[in-house]
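Asks: show me how the following folds:
(chains A and B)
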Amino acid sequence: MLLVMTVFTGLIYPLVMTAIAQIVFPKQANGSMIGINGKLVGSKLIGQNFTSDKYFWPRPSAIGYNPLPSGGSNYGPTSDTLKKLVEMRRREFIRLNGLPANANVPPDMLYASGSGLDPDISPESAELQIDRVARARDFDSLQTAALRKLVKSHIEKPQLGFLGDPRVNVLELNIALDSLR
Amino acid sequence: MLIATFGIFGMRDVLQIGVFLIALIVLTPLLGSFMAKALNGERNFLTPIFGGLERSFYRICRIDPEQEMDWKEYLLAVIAFSLVGLVVLWLLQVTQAYLPLNPQHLPNVSWDLAFNTAVSFMTNTNWQSYAGETTLSYFVQMAGLTVHNFVSAAAGMAVLLALVRGITRKSKEGLGNFWADLVRMTLYVLLPLSVILTLVLVGQGTVQTLSGYAHATTLEGQKQVIAVGPAASQIAIKQLGTNGGGFFNANSAHPFENPTPLTNFLELLSIILIASASVYMYGKMVGSTREGWVIWGVMLSVFCIMLTFSLYSEYSFHPPYVTAPSMEGKETRFGNTNSILWEVTTTVTSNGSVNSMHDSLTPLSGMVGIVDMMFGEVIFGGIGSGLASMLLFVLLTVFIAGLMVGRTPEYLGKKIEAYEVKMSVIGVLAPGAAILIFTAIASITKVGLSSLGNNGPHGLSEILYAFTSGAANNGSAFAGLNANTVFYNVTLGIDMLIGRFVPIAAYLSVAGSLAKKKAVPPSAGTFPTDSTLFGVLLVGVIIIVAALTFFPVLALGPIVEHFLMLAGKTF
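Replies: Model prediction:
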């Protein structure tokens, strides 16, 4: 019985599903990969690290955006390490983005995600980075306005109007940013 | 300013929970009445598609689906099937380097990790000591883990069916045929739902491919290796079968497992759907849907209480060094409410998949997860096993109510006597004993303590969570605990075996004893079990048993941590 089940649910089922998925949804089934000039730059769904001032930054990651293996920090609410990390991240985010010292930094910029590969940030976190990116790219006021518009157009609303939180995909935004003139 | 909205529970949050509950209520009777037919071996709308296949399964395995088994034969079949599955799954892992479909050339798995993972999947626990993308080949994920995702869920349903037959049959020995129950559950319920869910998941971005990992060069010129694999087909059954073992280490927080809020909604619904429908199915099978709805109402009430408490903790409390609820271990696309809704759903059922890291939740919110499992996975619970354990609680309640008012304890026309009550108590208390004994051992030994990921009371919570999750066959974790050591792999393995097979033996022996009894017509002395009063009593018994067993250890772990957190203390 185990053998029959193994062949049926362990081989036939996943292989047939793979075949159908590859035919009907080839892009998604292979990881929603994004290529530029024939070179693979990443996946729409997998966050990657950005440290340069010229790009929007993603959330902190417990694994440094290396997907082998994925995971979070697992620091508990009374962890001293977490407290120090959060305080450091808040200071740095305020300093590097030139915000007022008592600015409210959105929690997604203070805390690491569960997967360590979160591709999104909150719209607020993106907006707070606009001035820094514009400065680093020597944008004039016209270009900065265009950048502001670009960020706005990249905000994904909750799905079906009510599912999930609004978000901005960092990789897609940064790719669009590179083609902004 | 938009920032002000962070951490506030708004209309959208209410709507997300509301739509989830409405979908559950609508689908429960629909799927439940279908299951009552299909699992009884009656003709249904899927018979033209799967009927031939079902018969060929019986032919190949030389099984006569009509042949009745008594409770000992039934138990023996469950144990034999599970043990063979355990050995085969262990062998697949320790030899994976020589097997096909291993594009990353992952080495053989160590004996203790393979033992832990084999027990974990065979018992429907799906605890993750392994990290899918760096430990297991595609072949083991498919022919090993996916198979057990199906059959461990189907075996859970089979023992429930046997228990129900024990309750409904009069003066009989037989409880049905384990193999027929296993095949029907797999073919008519699990498989069709999995196929549909797989396709929706892939459409939303869940990967399903046999290619090796992709090598990308990021915009800033860094190298990134992106793990992929035949994930969607496994994730579908992992959710539907209350399994919960992830294809990837981060489980349903991983964007390739759970890419969008829509997949999150569907995966969430899949966790609880079959367990919920089986309560309606039970009502149909015993000939009174009211009996089913009363139990369902008890489950939903406890679910809502736990959900409210967990949301309250997560939205209201945080350490004094921040001003808003934490996003540690949570994903932007889901946010706070979806993370908590998932946490409660995955711990009341014995699913155990996670879309946020429970270790980083606020102390009381984390405690809700632990307590959900400590109830013995009876609030919806695992497929089959959840309702079966709940029925043990029902028998205890009938007995206690009988003692209180001096009435004869009867349930659905069957006298409840010393034997049934003894077996029910064993089935209910064995997992609790395993939890407390193993937690005590781990918290006083060096090998136990060296795996901790957090200090202070949170460390105790990590150990407690692990053994609770194992004995409840849940599988979620406070993952800061490094459980991939010989000590934890072996002790958690034993913990899971106790949590699975002692209750199963209890259900089946009770079923065997009940089946033999004659039915007594209800009299003025019969305590009605389809009433709200009975529901309230049942909730009381469940909460009292859990509280008496576990309150001291909860006080030392999450409760004390809550007050220390508010005082700004860190470790």
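
Asks: could you show me where the strands are in the stretch 201-350 of chain B, in order?
Replies: Assigned by DSSP state E, counting those that start in this stretch, the stretch 201-350 of chain B shows strands spanning B:214-217, B:223-226.

Asks: for the last one, output the C-alpha coordinates as CSV.
Replies: Listed next in CSV are the C-alpha coordinates belonging to strand B:223-226 (Å, rounded to 0.1, in the frame of the first residue of the first chain):
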residue,chain,number,x,y,z
LYS,B,223,25.8,37.0,-6.1
GLN,B,224,22.5,35.5,-4.9
VAL,B,225,21.6,31.8,-5.2
ILE,B,226,17.8,31.5,-5.3
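
Asks: quick one: buried residues of stretch B:308-326?
Replies: The neighbour-count check on stretch B:308-326 (16 or more other CB atoms under 10 Å in any protein chain shown) flags B:309-315, B:317-319, B:322, B:324-326 as buried. To be clear about C-beta, it is placed using only N, CA and C from the backbone, and glycine gets the same treatment.

Asks: so how far does that stretch reach from one end to the other?
Replies: End-to-end span of stretch B:308-326 (CA to CA, to the nearest Å): 18 Å.

Asks: can you verify my assumption that residue B:493 contacts residue B:117?
Replies: No: in this structure, residue B:493 is not within contact of residue B:117 by CB atoms under 8 Å, at 9.1 Å.

Asks: who's more crowded, these two?
Replies: Ranked by neighbour count (other CB atoms under 10 Å in any protein chain shown), residue B:493 and residue B:117 place residue B:117 first, with 29 against 22.

Asks: where's that one, which helix or strand?
Replies: helix B:111-122 (DSSP states H and E).

Asks: same for that helix, what does it pack against?
Replies: Helix B:111-122 makes packing contacts with helix B:71-94, helix B:147-168, helix B:486-516 when contacts are defined by 3 or more CB pairs under 8 Å, 6 or more residues apart in numbering or on different chains; DSSP states H and E.

Asks: circling back: need the strands of the stretch 201-350 of chain B in CSV with mean neighbour count and distance to chain A, can you?
Replies: Shown next, in CSV, are these (neighbours: other CB atoms under 10 Å in any protein chain shown; distance: least, CB to the nearest CB, whole Å):
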stretch, mean neighbour count, distance to chain A
strand B:214-217, 17, 5
strand B:223-226, 17, 6
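
Asks: same list (those) but as a markdown table, adding distance to residue B:481 and mean pLDDT.
Replies: Converted to a markdown table, the strands of the stretch 201-350 of chain B look like this (distance: least, CB to CB, whole Å; pLDDT from 0 to 100):
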| stretch | distance to residue B:481 | mean pLDDT |
| --- | --- | --- |
| strand B:214-217 | 31 | 96 |
| strand B:223-226 | 27 | 96 |
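
Asks: identify each buried residue in the lowest-mean-pLDDT helix or strand in chain A, please.
Replies: Here the helix or strand of chain A ranked lowest by mean pLDDT, DSSP states H and E is helix A:2-5, holding a mean of 93. Buried residues in helix A:2-5, counted by 16+ other CB under 10 Å: A:2, A:5.

Asks: what's the first helix or strand after it?
Replies: Toward the C-terminus, helix A:2-5 is succeeded by helix A:13-24 as the next helix or strand (DSSP H and E).

Asks: what's the closest non-adjacent residue to residue A:158?
Replies: Nearest residue to residue A:158 in three dimensions, chain neighbours excluded: residue A:164, at 5.1 Å (CB to CB, 6 or more residues apart in numbering or on different chains).

Asks: got a list of what the one you found touches?
Replies: Shown in contact with residue A:164 (CB atoms under 8 Å, 6 or more residues apart in numbering or on different chains): A:158, B:260-261, B:264, B:333-335, B:338.

Asks: again with residue B:559
Replies: Contacts of residue B:559 by CB under 8 Å, 6+ apart are B:363-364, B:367.

Asks: can you narrow the residues you listed down to the ones near chain A?
Replies: Applying CB under 8 Å from any CB of the partner chain, the subset of the contacts of residue B:559 adjacent to chain A comprises residue B:363.

Asks: out of the contacts of residue B:559, which is nearest to residue B:391?
Replies: residue B:367 (26.9 Å; CB to CB).

Asks: from the chain's centroid, how far away is the helix or strand hosting that closest one?
Replies: Applying DSSP H and E as the criterion places residue B:367 in helix B:363-374. Taking CA atoms, centre = their mean, to the nearest Å, the mean C-alpha location of helix B:363-374 is offset from the chain mean by 15 Å.

Asks: what is it packed up against?
Replies: Here helix B:363-374 touches helix B:289-316, helix B:335-348, helix B:457-471, helix B:532-554, helix B:560-566, going by 3+ CB pairs under 8 Å, 6+ apart.

Asks: turn these into JSON lines, including mean pLDDT and distance to residue A:177.
Replies: Below are the helices and strands packed on helix B:363-374 laid out as JSON lines (pLDDT from 0 to 100; distance: least, CB to CB, whole Å):
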{"stretch": "helix B:289-316", "mean pLDDT": "96", "distance to residue A:177": "34"}
{"stretch": "helix B:335-348", "mean pLDDT": "96", "distance to residue A:177": "25"}
{"stretch": "helix B:457-471", "mean pLDDT": "96", "distance to residue A:177": "41"}
{"stretch": "helix B:532-554", "mean pLDDT": "95", "distance to residue A:177": "50"}
{"stretch": "helix B:560-566", "mean pLDDT": "96", "distance to residue A:177": "39"}
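
Asks: what's the closest of the ones you listed to residue A:59?
Replies: helix B:335-348 (13.1 Å).

Asks: CA atoms only: put that closest one into PDB for me.
Replies: Taking C-alpha atoms only, helix B:335-348 is exported to PDB below (Å, rounded to 0.1, in the frame of the first residue of the first chain):
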ATOM      1  CA  GLY B 335       1.100  42.600   8.400                       C
ATOM      2  CA  ASN B 336       0.200  42.100  12.000                       C
ATOM      3  CA  THR B 337      -3.400  40.800  11.800                       C
ATOM      4  CA  ASN B 338      -2.700  38.100   9.200                       C
ATOM      5  CA  SER B 339       0.300  36.900  11.200                       C
ATOM      6  CA  ILE B 340      -1.700  36.500  14.400                       C
ATOM      7  CA  LEU B 341      -4.700  35.000  12.600                       C
ATOM      8  CA  TRP B 342      -2.400  32.500  11.100                       C
ATOM      9  CA  GLU B 343      -0.600  31.900  14.500                       C
ATOM     10  CA  VAL B 344      -3.900  31.000  16.200                       C
ATOM     11  CA  THR B 345      -5.200  28.900  13.300                       C
ATOM     12  CA  THR B 346      -2.100  26.900  12.900                       C
ATOM     13  CA  THR B 347      -1.800  26.100  16.600                       C
ATOM     14  CA  VAL B 348      -5.400  25.200  17.300                       C
END
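
Asks: ok so residue A:168 is a strand residue?
Replies: Yes: Residue A:168: assigned to a strand according to DSSP: H, G, I helix; E, B strand; the rest coil.

Asks: tally of neighbours for the closest residue in space to it that isn't next to it in sequence?
Replies: In space, not counting the residues next to it along the chain, residue A:168 is nearest to residue A:126; the distance is 4.5 Å by CB to CB, 6+ apart. Residue A:126: 24 surrounding residues under other CB under 10 Å.
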